[in-house]
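# Build me a model from this:
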Amino acid sequence: MIPYFDVMFELHGFQREASAIRDAAANGDPGGMIEAVNEEMIDTFAIAGTPDQCRRQLEAWSDLDLAVLFPPTFQLGPDEILANHRALIETFAA
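You can find the predicted model right below:
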């Protein structure tokens with residue numbers, strides 16, 4: 001994991017999860033890395049859910065001049081990545 005993430009995980013109290021992610025990564029276990037991420041981490045670091053839920057979550061950041069959104073790609077195939085990009089565009093296109 002990138003050291004920057006340690007700072008963010010510690011700031012939000014996710015040291016145990018970060019350790020589990022790091023251990024799974026060291027063992028070449030991407031599934032274990034994913035399993036170590038809990039709902040609280042997702043709520044803290046991501047916008048996730050249905051399109052309506054995502055739009056509502058993004059409203060909390062409406063004071064930003066620019067938002068950069070990245071759909072998930074980790075451990076996904078090209079078709080799933082493309083579907084995620086399309087869903088992102090459909091959800092947030094003006």
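# Phi and psi next, for the closest residue to Asn38 other than its chain neighbours.
Closest residue in space to Asn38, ignoring its immediate chain neighbours: Glu17 at 6.4 Å, by CB to CB, 6 or more residues apart in numbering. Every residue, glycine included, has its C-beta placed from N, CA and C. For Glu17, the backbone dihedrals are phi -70, psi -40 (criterion: degrees, to the nearest 10).
# burial of Glu17, as a residue count?
Residues within reach of Glu17, counting by other CB atoms under 10 Å, total 16.
# Quick check: it vs Arg55, distance?
The span separating Glu17 from Arg55 equals 27 Å under the rule CB to CB, to the nearest Å.
# got it, and His12?
When distances are taken as CB to CB, His12 and Arg55 turn out to be 24 Å apart.
# what helices or strands is the worst-scoring helix or strand of the chain on mean pLDDT leaning on?
The helix or strand with the lowest mean pLDDT-type score in the chain, counting by mean pLDDT, DSSP states H and E, is helix 3-11 (a mean of 84). Applying 3 or more CB pairs under 8 Å, 6 or more residues apart in numbering; DSSP states H and E, we find helix 3-11 packed against helix 15-26.
# what's Glu59 in contact with, if anything?
The neighbourhood of Glu59, defined by CB atoms under 8 Å, 6 or more residues apart in numbering, contains no residues.
# Can you list the low-confidence ranges for this structure?
Residues of the chain that meet the criterion pLDDT under 70 lie in 1-3, 65-68, 94.
# so what are the domain limits for it?
In the domain annotation for the chain, the residue ranges read 1-45, 48-94 (automatic domain parsing).
# so after the helix or strand containing Gln53, what's the next helix or strand?
Assigning secondary structure by DSSP states H and E places Gln53 in helix 51-59. Tracing the chain C-terminally past helix 51-59 and defining elements by DSSP H and E, one meets helix 78-92 next.
# what about the closest residue to Glu40 other than its chain neighbours, how many neighbours?
Leaving aside its sequence neighbours, Glu40 sits nearest to Phe14 (CB to CB, 6+ apart; 7.9 Å). Residues lying near Phe14 (other CB under 10 Å) number 22.
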